[in-house]
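**Q** with the sequence up front, the predicted model follows.
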Amino acid sequence: SQQGEEDPQALSIQEGENATMNCSYKTSINNLQWYRQNSGRGLVHLILIRSNEREKHSGRLRVTLDTSKKSSSLLITASRAADTASYFCATANTGNQFYFGTGTSLTVIP
Amino acid sequence: DAGVTQSPTHLIKTRGQQVTLRCSPKSGHDTVSWYQQALGQGPQFIFQYYEEEERQRGNFPDRFSGHQFPNYSSELNVNALLLGDSALYLCASSSLDTDTQYFGPGTRLTVL
């Protein structure tokens, strides 16, 4: 079974609004990464946060990690129509084996 | 600098047949991982190759096998195809000194 679970499964917002999606996982991790996927194509790496980090920023993206709650959140600020995609969290163990969640489908309405 | 490439893009097979999918890693990467992504699901780890050896394996039957060549490219073979093998197959490359895996565009396999 997949370790990560994203919440919500689907999210629809207006352009310019912020989008927040959450990820929960089950076991200890080495790092957690967020990926974006457009229409069943390949995954694009967005951001990596290590187990000893609590928050990380990259452009309009902000990721937090709470290892005590085994959860992470991805915030996309000032969303654009081009942000419409599925977003996955992936947890990596020490062997760098990735476990993906089922994803959050984000729709940004122009 | 080419990223991860996969071939073919699409493939249609019938039950019982065998299929081979190919992946070339990003320049400088020596580790290749394969994932299966069913429609509406997240990718599931099949196995990972490093130095031409299978390093880790997910919960997939022996019908799924792989190979890595000296130039680090890799093949995924699936024997005795089942309808349930229909999926997007993703290849990702990385190196031991990086934690990020870079994904190719995938091969869409349809089993009829």
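**A** Received it, and whenever you're ready, just let me know what you need.

**Q** tell me where the model's unsure across the chain.
**A** Unless you meant another one, I'm taking chain A. Along chain A, the parts satisfying pLDDT under 70 run over A:1-3, A:95-96.

**Q** oops, wrong one, chain B.
**A** By pLDDT under 70, the low-scoring segments of chain B are B:1.

**Q** what count of nearby residues applies to the closest residue to residue B:2 other than its chain neighbours?
**A** Leaving out its chain neighbours, the residue that sits closest to residue B:2 by CB to CB, 6 or more residues apart in numbering or on different chains is residue B:27, at 6.6 Å. (C-beta placed from N, C-alpha, C; glycine too.) Residues near residue B:27, counting by other CB atoms under 10 Å in any protein chain shown, number 11.

**Q** residue in chain A nearest to chain B?
**A** Nearest residue of chain A to chain B: residue A:100, at 3.6 Å (CB to the nearest CB).

**Q** which residues are contacting stretch B:23-33?
**A** The contact list for stretch B:23-33, computed with CB atoms under 8 Å, 6 or more residues apart in numbering or on different chains, reads A:96-98, B:1-6, B:34, B:45-51, B:55, B:68, B:72-76, B:91-96, B:101-102, B:104.

**Q** in that stretch, what's buried?
**A** Residues B:23, B:24, B:25, B:26, B:29, B:30, B:31, B:32, B:33 are the ones in stretch B:23-33 that count as buried (16 or more other CB atoms under 10 Å in any protein chain shown).

**Q** quick one: end-to-end distance for it.
**A** Start and end residues of stretch B:23-33 are separated by 10 Å (CA to CA, to the nearest Å).

**Q** chain B contacts on chain A?
**A** Within chain A, the positions adjacent to chain B are A:2, A:4, A:30-31, A:33, A:35, A:40-45, A:48, A:50, A:88, A:92, A:95-103 by CB under 8 Å from any CB of the partner chain.

**Q** now with 10 Å, please.
**A** Residues of chain A that fall close to chain B, judged by CB under 10 Å from any CB of the partner chain: A:1-6, A:9, A:30-31, A:33, A:35, A:37, A:40-45, A:47-48, A:50, A:86, A:88-90, A:92-93, A:95-103, A:105.

**Q** among the contacts of stretch B:23-33, name the buried ones.
**A** Buried subset of the contacts of stretch B:23-33 (neighbour count, 16+ other CB under 10 Å): A:96-98, B:4, B:6, B:34, B:45-50, B:55, B:68, B:72-76, B:91-95, B:101-102, B:104.

**Q** how about chain B: which residue is closest to chain A?
**A** Nearest to chain A in chain B, going by CB to the nearest CB, is residue B:42, at a distance of 3.6 Å.

**Q** quick revisit: show me which of the buried residues of stretch B:23-33 is closest to residue B:110.
**A** residue B:23 (18.9 Å; CB to CB).

**Q** so where does the closest one fall, helix or strand?
**A** Using DSSP states H and E, residue B:23 sits in strand B:19-24.

**Q** residue 21 pairs with what?
**A** Answering for chain A, as no chain was given. residue A:74 (DSSP bridges).

**Q** chain B was what I was after
**A** As for beta bridges, residue B:21 partners with residue B:76 under DSSP bridges.

**Q** any idea how far residue B:47 is from it?
**A** 13 Å (CB to CB, to the nearest Å).
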